[in-house]
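**Student:** return a 3D structure for these sequence lines:
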Amino acid sequence: IMPDLPVEYTAKDYFDGRDPMMEAVLGYGTPVVSGAVLEPEALDRYIGRYNFSTFQILSIEREGEGLRFAVSDFFEGSYRNVISDLYAEGAHLFHTDIDGVELFFSEGPDSTADGVTLRWRGIDTYAERSPEGYKVPMELFAEGRVDEAVEALYMERGTYLAEVPGLETMLNLMGYALLREKKDAKAVKIFELNVRLFPESANTYDSLGEAYMLSGQRELAIKNYEKAVELNPDSRNALLMLEHLRKGETWDRESREWTR
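**Tutor:** Presented below is the predicted three-dimensional model:
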């Protein structure tokens, strides 16, 4: 990702004890944007959710007497999440606090905006208004609607695999969070999805094996740990789990010990 504000360093900066990047940060101010003042009822036509991409929602909400927009893919800590106040420049054009970013709304038959175009440095991305109740897969996960989320994400797997770096790790973390909450059935669903998306990863089978083990499905646990070892013969965790499971032992969550 190219920086919006490139900063160059020289050897002289180093020897003089200067930090050009910090100087640039301290000298940078939020652009002062002025614009038209619209009546509250005029602003209401823009409020809502818009499908920015397969996995992102652009939302417009009221903020004081004005509007604020946000783009989110609902991954925790995502670098794709954006937020800014909006400043009207006429009826349908809004500026933002982000250098080079503007929003243009298109008006539907009932005067309510039916879509919005986000322009960033000459590149336009159009987002139509979301149907009532529509949620992207990661929103469904956040709401605990795991079955729906798994199906929706798998249907859009091509986009997610191409556009979301670290997807395997993210799903794994979500699955383990559910295991810690003892929501084993939901965790299994997520780990099963991860195996379907990344069938050549030993780690996905190892995690699914653990979820099956904790949910009392011994044979499925053994099968997946064996697959993990097949893909990675040096998988010490999978080998250790197989040793205990083949002896008929059970992992006790409370004592964190193996029992017979």
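**Student:** if the closest residue to Val101 other than its chain neighbours is in a bridge, with which residues?
**Tutor:** Distances taken as CB to CB, 6 or more residues apart in numbering place Trp120 nearest to Val101, at 5.1 Å, with adjacent residues excluded. Just so you know, the C-beta spots here come from the backbone N, C-alpha and C atoms, and that holds for glycine as well. Taking DSSP bridges as the rule, Trp120 bridges to Val101, Ile123.
**Student:** now do the strands in the stretch 51-200 of the chain.
**Tutor:** 56-63, 66-72, 82-88, 93-96, 101-107, 113-120, 123-129 (DSSP state E, counting those that start in this stretch).
**Student:** so of these, which one's packed in deepest?
**Tutor:** strand 93-96 (a mean of 20; mean count of other CB atoms under 10 Å).
**Student:** show me how far it is from its chain's centre.
**Tutor:** Its chain's average C-alpha position is 25 Å from that of strand 93-96, according to CA atoms, centre = their mean, to the nearest Å.
**Student:** start at 10, not 1
**Tutor:** Yep, numbering from 10; the last one is strand 102-105 now.
**Student:** who's in contact with stretch 19-30?
**Tutor:** Val16, Glu17, Tyr18 (CB atoms under 8 Å, 6 or more residues apart in numbering).
**Student:** just give me the closest of these to Val145.
**Tutor:** Relative to Val145, the closest of the contacts of stretch 19-30 is Val16; by CB to CB it sits at 35.4 Å.
**Student:** any idea how far that closest one is from Met30?
**Tutor:** To Met30, Val16 is 5 Å away according to CB to CB, to the nearest Å.
**Student:** which one of the strands of the stretch 60-209 of the chain lies nearest to Asn241?
**Tutor:** strand 65-72 (33.9 Å).
**Student:** buried ones in stretch 190-203, by neighbour count?
**Tutor:** Lys192, Asp193, Lys195, Ala196, Val197, Lys198, Ile199, Phe200, Glu201, Leu202, Asn203 (16 or more other CB atoms under 10 Å).
**Student:** actually stretch 246-266, not the one I typed
**Tutor:** In stretch 246-266, counting by 16+ other CB under 10 Å, buried: Asn246, Ala247, Met250, Leu251, Leu254, Trp260.
**Student:** same question, stretch 178-191
**Tutor:** Met179, Leu180, Asn181, Met183, Gly184, Tyr185, Leu187, Leu188.
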